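K.L.:
coordinates only, sequence not included:
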């Protein structure tokens, strides 16, 4: 029987690209798609895919919340993260939430079907560059989570985008939320981290290895 896969990404064109790639593999069958966290949750339990391919930056509660919510109801759910986020701490959060794999979208597209096949067989798959960074962090005991652990998943997501230099408007567009909501989150983040400026946020991001060297 083919491996039944569900695609979750807010861009229909991106999902079409995934489908085109995966349709070349007869052992993989796309059974469902979703564009936001609400539809992803309900479609999963309607179609019961073997593997969900999930983007973290989806409208609604976000991908990290989807992982936790799905696994709370179905501990056997197999979730592969395929996302724009290249930060090692993002991967760490997703894997600790219960994802079985993590691939940034700038990786070789041929990795995607390989990862799906491995995860369907009960294995895990983390792209080499991120896996090496995670091993190095665990070996050295270094992790920005000591400080950044006070941030919620959504706050952490906005923290990373703001530290990369994205404007409030660009962050709002990317996360499908309002400018005011982003501004409120940034205010909360600054308060929690006890900083006053975006420059200080960026400095914290680099000090705590949010962006891989």
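P.N.:
Yes, it's here. No experiment lies behind these values; they were computed from the predicted model shown. Residues are numbered from 1 along each chain as shown.

K.L.:
And for stretch 4-24, what's in contact with it?
P.N.:
28-36, 40, 43-44, 47-55, 57-59, 63, 66, 82, 109, 112-113, 116, 176 (Cβ atoms under 8 Å, 6 or more residues apart in numbering). In this view, the C-beta of every residue, glycine as well, is placed from N, C-alpha and C.

K.L.:
ChimeraX command for the buried members of the residues you listed?
P.N.:
Selection of the buried residues among those in ChimeraX, burial being defined by 16 or more other Cβ atoms under 10 Å:
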select :28,30,31,32,33,34,35,36,40,43,44,49,50,51,52,53,54,55,57,58,63,66,82,112,113,116
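
K.L.:
quick one: which of the contacts of stretch 4-24 sit in strands?
P.N.:
28-34, 51-54, 82 (DSSP state E).

K.L.:
and the residues you listed as CSV, adding distance to residue 92?
P.N.:
Below are the ones in strands among the contacts of stretch 4-24 laid out as CSV (distance: Cβ to Cβ, whole Å):
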residue, distance to residue 92
28, 28
29, 31
30, 29
31, 30
32, 28
33, 28
34, 25
51, 21
52, 20
53, 20
54, 16
82, 17
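
K.L.:
Flag the helix or strand of the protein with the lowest per-element mean pLDDT.
P.N.:
helix 145-148 (a mean of 65; mean pLDDT, DSSP states H and E).

K.L.:
Counting neighbours, which bits of the longest helix seen in the chain end up buried?
P.N.:
Secondary structure of the chain per DSSP state H: the longest helix is helix 179-193. For helix 179-193, a neighbour-count test (16+ other Cβ under 10 Å) marks 182, 185-186, 189-190, 193 as buried.

K.L.:
can you give me the mean pLDDT across it?
P.N.:
In this model, helix 179-193 has a mean pLDDT of 92.

K.L.:
So what touches stretch 27-45?
P.N.:
With Cβ under 8 Å, 6+ apart as the criterion, stretch 27-45 contacts 2-12, 15, 18-19, 22-23, 46-47, 49, 52, 54, 58-63, 65-66, 69-70, 73-74, 77, 113, 116-117, 176.

K.L.:
now stretch 66-75
P.N.:
So stretch 66-75 is contacted by 8, 37, 40-41, 44-45, 52, 54, 58, 61, 77, 79, 94, 97-99 (Cβ under 8 Å, 6+ apart).

K.L.:
Relative to residue 204, which of those is nearest.
P.N.:
Using Cβ to Cβ, residue 94 is the member of these that lies nearest residue 204, at 20.8 Å.

K.L.:
in which helix or strand would I find the closest one?
P.N.:
Assigned by DSSP states H and E, residue 94 belongs to helix 88-97.

K.L.:
who does the very next helix or strand once past that helix pair up with?
P.N.:
Per DSSP H and E, the first helix or strand lying C-terminal to helix 88-97 is strand 101-104. Paired neighbours of strand 101-104 in the sheet (DSSP bridges): strand 79-83 (parallel), strand 125-126 (parallel).
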